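Trainee: Pasted the sequence and its predicted model underneath.
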Amino acid sequence: MPSRSDVLLSNLEELQQDLLDLWRTLTRDPAKEARKERAWTILAGVFTAVGAIAARKAAAKAWGILTGEAPPTARRPAPSGGGGPSDRRAERAAQPEPDQTVSPV
C-alpha cells in the first residue's frame, strides 16, 4: 500500500500537468499554429524542389564532364507516331463515322 506522501506526490504531479495543459490552452491560438505549419510545409517544399532541380543540373554537368556525352536522361524529341493512346484517339477522330440511320425496306 502506497504511503501518504507517495499519494500526495502523485496528486501534485497530476495537478502540475493539468495546470501546464491549461496554460498552453489559454496562451496558444490553434489557427495561428496551423498557419505556421502550412507556411513551414510550403517553404520546405520550395527548398526541396529547388534543391532537386539544382542537383539534377549539377549531375548532368558532371556527367558531361566525366564522360563527354549527354546525360542519358536528357530530353530527346519524341518519335512521331509513337502509337500511344492519344495517337489512336486522333486516328479515330479523323475517320468518318459510319451512318447510323436505318434504311427503309
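Mentor: In hand now; what should we look at?

Trainee: Run through the helices of this structure in chain order.
Mentor: 4-27, 30-67, 85-94 (DSSP state H).

Trainee: how about those, which one is nearest T73?
Mentor: Nearest of the helices of the chain to T73, taken as C-beta to C-beta: helix 30-67 at 7.8 Å. The way it works is simple: take the backbone N, C-alpha and C, and place the C-beta from them, glycine included.

Trainee: got JSON lines for the helices of the chain, with mean neighbour count too?
Mentor: What follows is the helices of the chain, written out as JSON lines (neighbours: other C-beta atoms under 10 Å):
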{"stretch": "helix 4-27", "mean neighbour count": "10"}
{"stretch": "helix 30-67", "mean neighbour count": "10"}
{"stretch": "helix 85-94", "mean neighbour count": "9"}
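
Trainee: could I get these as CSV with mean pLDDT and distance to T73?
Mentor: CSV is the format used below for those (pLDDT from 0 to 100; distance: least, C-beta to C-beta, whole Å):
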stretch, mean pLDDT, distance to T73
helix 4-27, 94, 50
helix 30-67, 96, 8
helix 85-94, 63, 23
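
Trainee: So S10 versus T27, what's the distance?
Mentor: Plainly put, S10 is 26 Å away from T27 if you go by C-beta to C-beta, to the nearest Å.

Trainee: Please disregard the earlier target; I meant E13.
Mentor: From E13 to T27 the distance is 21 Å (C-beta to C-beta).

Trainee: ditto for Q17
Mentor: Taking C-beta to C-beta, one finds Q17 at 16 Å from T27.

Trainee: ok, now A49?
Mentor: Relative to T27, and taking C-beta to C-beta, A49 is found at 35 Å.

Trainee: Kindly report the same for R38.
Mentor: Distance of R38 to T27, given as C-beta to C-beta: 21 Å.
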